[in-house]
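1. this one's sequence-less:
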Ligand SMILES: [Zn+2]
């Protein structure tokens with residue numbers, strides 16, 4: 001079901017016209033009303049009137065996460081404070097939160113986009129919807145709540161956590177649609193299994209999962225264990241909250257960005273230069289319709305690529321890939337951008353390997369070298385008959401297979417070293433470092 005067919009299936013040429021008109025308008029608004037943007041435009045030597053085509057967006061200055069911090073709390077707002085009907089904030093890891101606000105019209109737009117998402121995921125008016133995203137200053141809960149109501153779902157605002165209560169509601173209220181983070185979906189699935197509750201005894205069929213990166217492997221597991229169609233929803237509070245893009249249930253192949261409201265680009269994280277379709281880089285979003293806190297070319301820090309090919313669901317809006325990583329995790333090796341998650345993707349699906357790996361970058365002379373150390377599975381190690389990972393032909397074959405996959409994914413060669421099970425570093429609560437950069441660059 002397509003919630004707003006007129007907009008979601010708008011022919012590309014019409015969409016581009018609408019985007020240009022809206023881009024010109026939003027650029028004019030921020031130039032007039034937000035001192036930071038006026039300053040940035042002046043530094044870049046551009047005025048809103050100079051925007052003649054969509055390509056001109058590349059001449060506009062970027063907006064960064066740190067701008068929200070520097071302008072805390074209300075410096076980025078393009079409307080008087082009294083026009084805000086809602087404020088959300090995300091907790092920063094250090095110091096002050098990132099503050100965003102919404103006018104009445106912004107709330108209506110947000111609800112519409114979340115309704116589009118729920119419909120694309122497979123929710124239908126009348127369905128019971130268990131909303132297990134956090135409520136409060138976090139945008140997840142209330143964003144999905146308003147979208148669910150607009151679509152005509154019966155919303156259960158259960159919020160996150162409290163697995164016992166989640167399970168009770170799932171069982172007793174004929175819940176057909178659930179929204180939460182993918183990792184919480186796995187937690188729920190395990191809790192259900194531990195209680196002997198089978199997927200057949202539940203009515204749930206649709207899972208709208210997001211707010212953290214996840215993999216195809218997780219999707220398969222969640223779908224098998226819960227008996228649902230699981231699709232990705234993407235958003236970030238600086239741009240709006242959930243509802244910036246959604247995977248359609250038909251294709252489950254990348255998330256449609258609602259281009260009548262957002263103008264997406266992918267740029268090289270280092271140079272800021274625009275990248276083409278299919279090329280992975282930093283996702284950059286300009287809001288086209290937001291009133292309270294429009295952003296121009298916001299650097300999301302999320303690494304993804306754009307796929308403009310038509311989708312079988314009929315939506316004409318471009319699809320973004322799964323988030324491949326964060327720009328802060330990026331390595332530049334021989335001039336090529338490499339993300340740890342690409343390594344994971346390349347090696348995923350080889351049954352003889354585990355998800356434990358380490359990237360070691362060195363520069364023995366003048367050229368960077370990448371070594372990928374990856375642990376083999378217990379059964380692979382046992383199959384070698386006690387022989388340490390050495391000259392066994394199976395070791396050579398697996399190493400070659402890994403190297404081939406890495407070359408086609410990364411575009412550069414890497415040395416592969418197979419490691420014994422349990423030998424690589426594990427997460428100890430904090431963030432696991434997958435990278436050891438041993439280059440001496442001074
Ligand atoms: Zn689609």
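-> The structure has been received and is ready for your questions. Keep in mind it's a predicted model, so treat the numbers as computed, not measured.
2. tell me the contacts of residue 308?
-> Counting by Cβ atoms under 8 Å, 6 or more residues apart in numbering, residue 308 touches 277, 318, 319. Where you see a C-beta, it was placed from the backbone N, CA and C, and this is true even at glycine.
3. oh, that last question was meant for residue 167, not what I typed.
-> Residues near residue 167 by Cβ under 8 Å, 6+ apart: 188, 191, 192, 195, 197.
4. quickly find the element holding it.
-> According to DSSP states H and E, residue 167 maps onto helix 163-172.
5. can you give me the offset of that helix from its chain's centre?
-> 28 Å (Cα atoms, centre = their mean, to the nearest Å).
6. what mean pLDDT does it have?
-> In this model, helix 163-172 carries a mean pLDDT of 96.
7. what does stretch 243-250 give?
-> The pLDDT scores in stretch 243-250 average 98.
8. please apply the same query to stretch 83-95.
-> In this model, stretch 83-95 carries a mean pLDDT of 82.
9. same check, this time on stretch 405-416
-> Averaged across stretch 405-416, pLDDT comes to 91.
10. in that stretch, which residues are buried?
-> Residues 405, 406, 409, 410, 414, 416 are the ones in stretch 405-416 that count as buried (16 or more other Cβ atoms under 10 Å).
11. now these in TSV, with secondary structure?
-> Converted to TSV, those look like this (DSSP: H, G, I helix; E, B strand; the rest coil):
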residue	secondary structure
405	helix
406	helix
409	helix
410	helix
414	coil
416	strand
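12. for the protein, what's the longest helix?
-> When the chain is parsed with DSSP state H, its longest helix is helix 12-33.
13. quick one: the helix or strand just after that helix to helix 12-33, angle?
-> Stepping forward along the backbone from helix 12-33, the first helix or strand reached (DSSP H and E) is helix 35-44. Orientation check (axes from the mean of the first three to the mean of the last three Cα atoms, to 10 degrees): helix 35-44 against helix 12-33 gives 110 degrees.
14. following helix 35-44, which helix or strand comes up?
-> Using DSSP H and E, the helix or strand that follows helix 35-44 in sequence is helix 65-70.
15. so which elements touch that next one?
-> If contacts are counted by 3 or more Cβ pairs under 8 Å, 6 or more residues apart in numbering; DSSP states H and E, helix 65-70 sits against strand 98-102.
16. spell out which parts of the stretch 201-350 of the chain neighbour the ion.
-> 248, 251, 311, 313, 315 (Cβ under 5 Å from the ion).
17. report the two of those residues separated the most.
-> By the measure Cβ to Cβ, those have their two most distant members at 251 and 315, which lie 9.2 Å apart.
18. so for those two, which sits in the more crowded spot?
-> Using other Cβ atoms under 10 Å, the more surrounded residue of residue 251 and residue 315 is residue 315, with 24 against 15.
19. what strand or helix carries the residue most central in space within the chain?
-> Nearest to the geometric centre of the chain sits residue 323, at 4.3 Å (Cα atoms, centre = their mean). Secondary structure from DSSP H and E places residue 323 outside every helix and strand.
20. pick out the residue of the stretch 1-150 of the chain closest to the ion.
-> Using Cβ to the ion, the single residue of the stretch 1-150 of the chain nearest to the ion is residue 120, 7.3 Å away.
21. tell me where the stretch 51-200 of the chain has strands.
-> 86-90, 98-102, 128-131, 154-156, 175-180 (DSSP state E, counting those that start in this stretch).
22. where in the stretch 251-400 of the chain is pLDDT low?
-> Within the stretch 251-400 of the chain, the segments meeting pLDDT under 70 span 386-390.
23. how about a cut-off of 90?
-> 270, 324-351, 354-357, 363-368, 378, 382-393 (pLDDT under 90).
24. show me where it has strands.
-> 255-257, 262-267, 281-287, 298-304, 306-307, 319-320, 325-326, 331-333, 336-338, 353-362, 369-376.
25. need those strands in JSON lines (columns: mean neighbour count).
-> Output for the strands of the stretch 251-400 of the chain, formatted as JSON lines (neighbours: other Cβ atoms under 10 Å):
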{"stretch": "strand 255-257", "mean neighbour count": "25"}
{"stretch": "strand 262-267", "mean neighbour count": "21"}
{"stretch": "strand 281-287", "mean neighbour count": "25"}
{"stretch": "strand 298-304", "mean neighbour count": "22"}
{"stretch": "strand 306-307", "mean neighbour count": "19"}
{"stretch": "strand 319-320", "mean neighbour count": "24"}
{"stretch": "strand 325-326", "mean neighbour count": "20"}
{"stretch": "strand 331-333", "mean neighbour count": "17"}
{"stretch": "strand 336-338", "mean neighbour count": "20"}
{"stretch": "strand 353-362", "mean neighbour count": "18"}
{"stretch": "strand 369-376", "mean neighbour count": "20"}
